[in-house]
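K.L.:
give me coordinates for this.
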Amino acid sequence: MTAAEPKLAWPANGETVLRAAVPAAPMLPAGGAPAPVTLRTLALAAVASCLPRLPEPATAEREATPAEARYLQAHRQAISEQRSGWSGALERCLREPAPGDAPLVALAGSLGLTALELMAVALAAAVEAEAMVGRALAFLQAPVGGSRPTLGLLATAFGMGPGEPAEHAIDLLIAGAAVRSGLLELTSDGAPLPERAVRLPVHLALALAGHDGAVAGATVGMGSFPEVPLAPSVAAEARRHAAALAAAPQRALVLRTGSPAEGRAVAAAIAAALDRRPVFLEAEQIAGLAPWLILRRLLPVFCLELGPGERKVLPAIAPYTGPVLVLCGPDGSVSTAGGAALSWALPVPPRDERHRLWALAIGDDALAGELARHHRHGSGRIAHLGRLAHHRSRLRGSERPALEDIVAASWTGEGAGLESLAEPLPDAIPDEALVLTPSLRAELRLLLLRCRARDRLVEGLGASATARYRPGVRALFVGPSGTGKTLAAGWLATRLGLPLYRVDLAAITSKYIGETEKNLAQLLARAEQSEVVLLFDEADSLFGKRTEVKEANDRFANAQTNYLLQRIETFDGIAILTSNSRNRFDSAFSRRLDVIVEFALPGPEERRMLWGSHLGANHVLSQREINQLAATADVAGGHIRNAVLAAAVLAQEEGRPITYADIIQGLAGEYRKLGRQLPAELTRAT
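P.N.:
Have a look, this model is predicted:
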C-alpha cells in the first residue's frame with residue numbers, strides 16, 4: 001500500500017487543524033522506529049503532492065525526470081514511510097520538536113500561528129536555508145512563480161480540504177498573525193493574489209537558525225559602544241527596575257541621560273537581569289520586530305532625541321508583550337498606547353562611588369580621589385575620559401595618566417559634541433593675566449569656591465535649604481564692554497580645570513517656533529554630561545525681558561523666554577552669562593542667579609597694571625609715560641589690549657621695541673572706535 005497525500009482541512013469554525021485526508025500509512029515492522037522528521041520535510045512533502053506521481057525507480061522515464069521533481073518526491077516518500085502518516089508526523093514534530101524546529105514551534109505558540117501559517121513559514125525558511133528548495137519551487141511554479149512559495153501554492157499544498165475553496169486559505173494567510181507580525185512578507189505588489197509570493201525576512205531566517213542578523217537601524221548588544229562600569233548605586237537601581245518590569249508585562253521605562261554609552265550600559269544591565277539581551281532601535285519601523293524579539297530573547301530599547309515639548313508615542317510591537325526601554329535626554333515626553341511611561345533620570349553617582357570609578361578608569365587612587373572631589377561625572381563620562389587619558393599618557397611615554405591628561409581629554413565629548421552649538425575657548429588664563437580690583441577679585445574667588453563646593457554644599461543644612469537644591473551654578477557678569485568679563489570666565493574655568501565653551505547664539509537661535517528651545521536643550525544636556533563651563537556672551541539676547549502680548553509673535557517669544565528661564569534654573573552645570581546692563585534682563589531672572597558680579601571700568605591704578613601686563617618687556621616706555629597713559633587714557637582693558645597689539649605691528653615692521661609713539665597711534669584708533677577725541681595731554685607728551 002501507498003499512503004495517500006496529506007492535506008490540511010479547515011472546519012467551519014475557521015480554526016486550523018491538521019488531519020489526514022486518507023487512512024494513515026502502514027505500520028512498520030515490530031521494533032521499528034520512525035525516522036526523524038522535521039517541519040521542512042513535512043512542508044516539502046505536502047508541496048510534492050502538487051506533482052504528478054513519478055515512475056517507479058530504475059525506469060528510463062524516472063532517469064529523465066528533472067532533479068527538482070525527484071528532490072520533492074524524495075520528501076514525499078520519506079513521509080509515506082512514517083508509521084503515523086503526515087498528520088501524525090506533524091503532531092510528533094509539535095510535541096517533541098527537533099532541535100532545529102524548536103524555535104519555530106515556540107514562536108508559533110507565542111504568535112498564535114495557525115497550522116497553515118506554520119507550514120508556510122517552515123517552507124519559506126527552507127527556501128532561505130537551502131538552494132535546492134528554491135529551485136524545486138521554481139520548477140513547480142513555472143512559468144509564473146519564482147523560487148519563493150506563492151499564495152496559490154500554499155493554499156493548494158496545505159489548505160484545501162474536501163470542498164474547501166483555495167481562496168479561503170489565501171484570505172486566512174493574508175489576514176493571519178504571520179503576516180500581521182511581519183514574520184512573513186508579501187512580495188510582487190500588483191500581481192494577482194494567487195501569484196503573490198511570501199518571503200521570510202533574512203534576519204528572521206537567521207534567528208530561526210539561532211543567529212543574530214544585521215538589521216538596518218537596530219544593534220544587538222553594545223555594538224561599537226565601549227564597556228562602561230556602572231556605579232554600584234546605579235546598578236542596584238537597574239536591578240530593581242528590572243524586577244518591577246518583570247512583574248508588570250507591557251510596561252515601558254524611559255532612561256534619561258546625556259551619555260549614550262552609560263544609557264546603553266544601564267539598558268544592558270536591565271536586560272541581563274531579565275535574562276534578555278538589549279537591541280537598540282534607531283529606525284522608525286523594523287520588519288518582523290516582534291518575532292525577532294521573541295526568537296532571540298531581545299529587550300527592545302528605543303533611542304530617541306526629543307526637544308522641549310515634543311511627545312513621542314511608542315509604536316505597538318504586537319504580539320510582543322514584554323517590557324520596553326527608551327533612551328533619551330532630559331526633555332520631551334514618552335508614552336505608550338496605555339498611557340505615560342515611567343521615567344528614570346540617571347543620577348551622578350555619589351563621591352565615594354565616583355572615586356572607585358575613577359580609580360578603575362585610570363589606575364591611580366590618589367588622583368582618582370582628587371577628581372571625584374572636584375568633578376561631578378557620571379559612569380559613562382568617567383570611563384570615556386579614562387580611555388582618552390590612557391591614550392594621551394602613552395603618547396607621553398607614561399603608563400599612568402596624569403591630571404594634565406584628564407584635563408586635555410575633557411575637551412572631547414561623547415559622540416556628538418558641543419562644537420556644533422558652542423565655540424571652545426581652550427586658552428588657559430593665569431592669575432597674572434587677570435587685572436582686577438581687590439574687591440572684584442574677592443567676588444570671583446567666592447564664585448570659584450561656590451563652584452568647587454556645589455556637590456556637597458547643602459550637607460548638614462536644614463530641610464528648607466536642601467529642598468529642591470540643584471548643584472548647578474549660574475553667574476551673571478555685568479559691565480561695559482572690554483572690562484574683562486570673558487577673561488574672568490576663562491580664569492574661572494582654568495582654576496576649575498574644566499573646558500570653557502562660548503555659546504554660539506547664531507547656532508542656537510532660530511526663526512522657527514520651538515527650534516531655539518530645542519537647540520538650547522541639546523546644548524545644556526551635553527554640557528551637563530561633559531561638565532563644562534558654558535559662557536553666554538551678550539546673554540540678554542536670549543534671556544531678555546518678556547513683552548506685552550500684542551500679536552502672536554509676542555506670545556511665542558514670551559513662551560521661549562519662559563522656557564529658557566526654567567531650563568537654566570535646572571541646569572546641573574556651571575553657566576556664566578555676560579551683559580552690558582542688568583536692566584536688559586527679565587525681573588524674574590535675577591532670582592535664578594547664584595552670583596552677580598559687577599565689572600566696572602578700571603581706575604588709574606588698574607589701568608597702570610593693565611598697561612604693564614600687556615606691554616611685557618619688549619618696549620622702551622618709561623615709567624612716567626606708562627603712568628601718563630594710566631592717568632589720562634580712561635579706557636577699558638579690551639581697548640588697552642587692542643592699542644598694544646596695534647603698536648606691536650608697527651614695532652615689528654621696523655624690527656624695534658614698542659615706543660610711546662606707537663602706543664599713541666594705536667590708542668588713537670581705539671578712541672576713534674569710541675567716537676571720542678584722544679586726550680590732548682597724551683599727544684603733547686609725544
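K.L.:
C-alpha from now on. contacts and neighbour counts both.
P.N.:
Will do.
K.L.:
would you list the phi and psi of G332?
P.N.:
In terms of degrees, to the nearest 10, the main-chain angles of G332 are phi 80, psi 170.
K.L.:
which residues touch L629?
P.N.:
608, 682 (CA atoms under 8 Å, 6 or more residues apart in numbering).
K.L.:
what's downstream of the helix or strand of the chain with the lowest mean pLDDT, the next helix or strand?
P.N.:
Across the helices and strands of the chain, the lowest-confidence element by mean pLDDT, DSSP states H and E is strand 17-19, at a mean of 35. Toward the C-terminal end, the helix or strand that comes next after strand 17-19 (DSSP states H and E) is helix 39-48.
K.L.:
tell me what that next one is packed against?
P.N.:
Under the contact criterion of 3 or more CA pairs under 8 Å, 6 or more residues apart in numbering; DSSP states H and E, helix 39-48 touches helix 67-80, helix 85-95, helix 115-129.
K.L.:
what residues sit buried inside the longest one?
P.N.:
Meaning helix 115-129. 115-128 (16 or more other CA atoms under 10 Å).
K.L.:
again, but for the second one
P.N.:
For helix 85-95, burial by neighbour count (16+ other CA under 10 Å) applies to 85-90, 92-94.
K.L.:
same deal with stretch 608-622?
P.N.:
Those would be 608-611, 614-615, 619, 621, for stretch 608-622 by 16+ other CA under 10 Å.
K.L.:
same check on stretch 528-542?
P.N.:
528-540, 542.
K.L.:
and what of stretch 131-139?
P.N.:
132-139.
K.L.:
and the buried residues of stretch 528-542, which is the shakiest by pLDDT?
P.N.:
Of all the buried residues of stretch 528-542, the model is least confident about L542, whose pLDDT is 70.
K.L.:
can you pull the contacts of P300?
P.N.:
By CA under 8 Å, 6+ apart, P300 lies in contact with 278-281, 293, 323-325.
K.L.:
kindly reformat the helices and strands packed on helix 39-48 as CSV and extend each row with mean pLDDT and distance to L461.
P.N.:
Output for the helices and strands packed on helix 39-48, formatted as CSV (pLDDT from 0 to 100; distance: least, CA to CA, whole Å):
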stretch, mean pLDDT, distance to L461
helix 67-80, 86, 81
helix 85-95, 83, 67
helix 115-129, 93, 66
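K.L.:
now the strands: where do they sit in the stretch 351-500 of the chain?
P.N.:
For the stretch 351-500 of the chain, the strands defined by DSSP state E, counting those that start in this stretch occupy 422-424, 473-478, 500-503.
K.L.:
so which of the ones you listed is the most surrounded?
P.N.:
Highest mean neighbour count among these (mean count of other CA atoms under 10 Å): strand 500-503, with a mean of 24.
K.L.:
show me what that one is packed up against.
P.N.:
By 3+ CA pairs under 8 Å, 6+ apart, strand 500-503 packs against strand 422-424, helix 485-496, strand 533-536.
K.L.:
make it 10 Å
P.N.:
strand 422-424, helix 485-496, helix 515-530, strand 533-536, strand 574-579 (3 or more CA pairs under 10 Å, 6 or more residues apart in numbering; DSSP states H and E).
K.L.:
looking at those, which is buried most?
P.N.:
Comparing the helices and strands packed on strand 500-503 by mean neighbour count (mean count of other CA under 10 Å), strand 533-536 ranks first with a mean of 25.
K.L.:
out of the buried residues of stretch 131-139, which comes closest to L184?
P.N.:
G134 (16.3 Å; CA to CA).
K.L.:
now the closest one. Nearest residue, chain neighbours left out?
P.N.:
Counting by CA to CA, 6 or more residues apart in numbering, S147 is the residue found nearest to G134 once chain neighbours are left out, at 4.3 Å.
K.L.:
just checking, the one you found touches L153?
P.N.:
No - using CA atoms under 10 Å, S147 makes no contact with L153, being 11.6 Å away.
K.L.:
list residues touching both of these two?
P.N.:
137, 140-141, 197 (CA atoms under 10 Å, 6 or more residues apart in numbering).
K.L.:
nearest to L577, of those residues?
P.N.:
For those, the nearest to L577 is A197 (64.3 Å; CA to CA).
K.L.:
now the closest residue to that closest one other than its chain neighbours: phi and psi?
P.N.:
Spatial nearest neighbour of A197, chain neighbours left out: T150 (3.8 Å); criterion: CA to CA, 6+ apart. Phi and psi for T150, reported as degrees, to the nearest 10, are phi -90, psi 160.
K.L.:
residues touching T150, list them.
P.N.:
T150 sits next to 120, 124, 137, 141, 144, 156, 170, 186-188, 193-199 when contact means CA under 10 Å, 6+ apart.
K.L.:
pLDDT value on it, please?
P.N.:
92.
K.L.:
quick one: it and Y71, what's the gap?
P.N.:
According to CA to CA, to the nearest Å, T150 and Y71 sit 19 Å apart.
K.L.:
would you state the strands of the stretch 201-350 of the chain in chain order?
P.N.:
218-220, 252-256, 277-281, 298-303, 311-313, 324-328, 333-336, 339-340, 342-345.
K.L.:
mean pLDDT lowest for which of these?
P.N.:
Minimum mean pLDDT among these: strand 339-340, a mean of 75.
K.L.:
ok, that one: who's next to it in the sheet?
P.N.:
strand 333-336 (antiparallel) (DSSP bridges).
K.L.:
starting at the chain centroid, how far to the partner strand?
P.N.:
Distance of strand 333-336 from the chain centroid (CA atoms, centre = their mean, to the nearest Å) equals 17 Å.
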